[in-house]
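Student: Predicted coordinates and the sequence they were generated for:
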Amino acid sequence: MTEQKAVMNYMARNELMSFAPSAALIDMDGTLYDSMGHHADAWYRMISELGIKCDRDEFFMYEGRTGVDTINIIFRRAYGHDASPEQAKELYRRKTVLFSEMPPVEPMKGAQRMVKALLDNRVSTVLVTGSGQNTLLNRLDTDYPGAFPAGMRVTGHDVSQGKPHPEPFLKGMRLAGVHPENSIAIDNAPLGVMAGAASGAFTIGVTTGPIPEKALWDAGADIVYPSMDALADKIGSLVNSFNMSI
Ligand code: MG
């Protein structure tokens, strides 16, 4: 699908006469950082330490959820009930420690160029992640200078309902002072794309791991790219499409 066609479909669906986005709401893990493998390993080790059986790859399917949501999925399966809030907090802390002990992750290839292209086109950038992993949050200012200042971040600590609920993206829009129809959501995971689509933003899915493109289309993406480099190449034409009116 071309950028122009995707934007026209979005405008028709939302009964818009024009579309000029002023903010991009951007996921962190698997989008800004090539971190999903480490997260899956850390989850697998933390849950295994409890003596609960789990599959390392299942954690890719939970990508986008808050830590507490993920813990409760496992607890309900193993014990038939949620973890207590204190227990969930402690287990998530253990998982973040295991993650922080792994080798450093790199920014996703193409993501720095993608973010710079947005800023160059006067689209402001907001972080919208389910994560509370300070190991990565503390690196954003270095790896993405000026893009995600403290007031422009929604993390797992800031929401009561994580992705696929639209709350994280809606909070990001409030931080940027924009309406859904002036927003772009960018995410690599089906649950994140579902949340973006439910928030009303023009939603871009990018495959950066084992999840196939079809899963992102099925989750409601307006357009899907096979890599962050591919999206970075198209930011200019996307913004131009957005500024067209019918
Ligand atoms: Mg992600």
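Tutor: Great, that's in hand.
Student: drop to CA atoms for contacts and neighbour counts, all remaining ones
Tutor: Fine.
Student: how about the strands of the protein, start to end?
Tutor: 23-26, 124-128, 153-154, 183-187, 202-206, 223-225 (DSSP state E).
Student: Throw those into a markdown table and include mean neighbour count and mean pLDDT, thanks.
Tutor: Below are the strands of the chain laid out as a markdown table (neighbours: other CA atoms under 10 Å; pLDDT from 0 to 100):
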| stretch | mean neighbour count | mean pLDDT |
| --- | --- | --- |
| strand 23-26 | 27 | 98 |
| strand 124-128 | 25 | 97 |
| strand 153-154 | 25 | 98 |
| strand 183-187 | 28 | 97 |
| strand 202-206 | 28 | 98 |
| strand 223-225 | 21 | 97 |
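Student: In a markdown table: those strands, plus distance to the ion.
Tutor: Output for those, formatted as a markdown table (distance: least, CA to the ion, whole Å):
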| stretch | distance to the ion |
| --- | --- |
| strand 23-26 | 9 |
| strand 124-128 | 10 |
| strand 153-154 | 13 |
| strand 183-187 | 6 |
| strand 202-206 | 9 |
| strand 223-225 | 14 |
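Student: would you list these in a markdown table and tack on distance to Phe169?
Tutor: Listed next are the strands of the chain as a markdown table, based on distance: least, CA to CA, whole Å:
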| stretch | distance to Phe169 |
| --- | --- |
| strand 23-26 | 7 |
| strand 124-128 | 6 |
| strand 153-154 | 8 |
| strand 183-187 | 8 |
| strand 202-206 | 11 |
| strand 223-225 | 18 |
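Student: State the pLDDT value of the residue nearest the centre of the chain.
Tutor: Nearest to the geometric centre of the chain sits Asp27, at 2.6 Å (CA atoms, centre = their mean). We have a pLDDT of 97 for Asp27.
Student: That one contacts Leu127, correct?
Tutor: Yes: contact criterion CA atoms under 8 Å: Asp27 and Leu127 qualify, at 6.1 Å.
Student: what's the overlap in contacts for the two?
Tutor: Common contacts of Asp27 and Leu127 (CA atoms under 8 Å, 6 or more residues apart in numbering): none found.
Student: Compare the strands of the chain and report which one is nearest to Ala88.
Tutor: strand 153-154 (20.2 Å; CA to CA).
Student: Give me the distance from that closest one to the chain's centre.
Tutor: Relative to its parent chain, strand 153-154 has a centroid offset of 11 Å by CA atoms, centre = their mean, to the nearest Å.
Student: and if you look at stretch 125-142?
Tutor: Here stretch 125-142 shows a centroid-to-chain-centroid distance of 11 Å under the convention CA atoms, centre = their mean.
Student: ok, now stretch 159-179?
Tutor: For stretch 159-179, the distance to the chain centre is 11 Å (CA atoms, centre = their mean).
Student: Quick one: end-to-end distance for it.
Tutor: 19 Å (CA to CA, to the nearest Å).
Student: That stretch vs the ion: in contact?
Tutor: No: under the criterion of CA under 5 Å from the ion, the ion is not reached by stretch 159-179; the shortest gap measures 10.2 Å.
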